[in-house]
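# For reference, the sequence and a predicted model appear below.
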Amino acid sequence: MVSSRDLIILEKYSLLNEQRYRLCVKGTNIVVNVEATSDDEAFRKALEVLDNIGLNDEALERIRGKVGAHAKC
């Protein structure tokens with residue numbers, strides 16, 4: 001399962017009075033955009049999104065293998 005160690009915060013910004021976060025899965029081009037009030041909440045919500053789409057360890061390693069040096073983060 002993807003963990004918070006696999007995520008990095010790319011950007012924090014405000015939009016329509018909401019604090020928004022863009023988080024990237026390390027070694028991939030996968031970016032998750034969530035609304036949160038803290039970094040911890042942003043990580044939790046991003047992990048929930050990734051779990052909902054079924055990103056598991058096996059799929060993550062295959063993506064990292066294909067993306068290789070072209071990863072955004």
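Perfect, thanks for sending it. The structure displayed is predicted, hence computed values, not measured ones.

# how far does stretch 47-54 sit from the chain's center?
Its chain's C-alpha centre and that of stretch 47-54 lie 10 Å apart, by CA atoms, centre = their mean, to the nearest Å.

# With just CA atoms, put that stretch into CSV.
Extracted in CSV, the C-alpha atoms of stretch 47-54 (Å, rounded to 0.1, in the frame of the first residue of the first chain):
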residue,chain,number,x,y,z
LEU,A,47,-3.7,8.3,0.5
GLU,A,48,-7.4,7.8,0.6
VAL,A,49,-7.8,8.9,-3.1
LEU,A,50,-4.9,6.6,-4.1
ASP,A,51,-6.5,3.7,-2.2
ASN,A,52,-9.8,4.4,-3.9
ILE,A,53,-8.3,4.1,-7.3
GLY,A,54,-6.5,0.9,-6.3
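
# Buried residues, that stretch. List them.
Of all the residues in stretch 47-54, those buried under the rule 16 or more other CB atoms under 10 Å are 47, 50. For every residue, glycine as well, the C-beta is placed using N, CA and C.

# what does it rub up against?
1-4, 7, 25, 30, 32, 34 (CB atoms under 8 Å, 6 or more residues apart in numbering).
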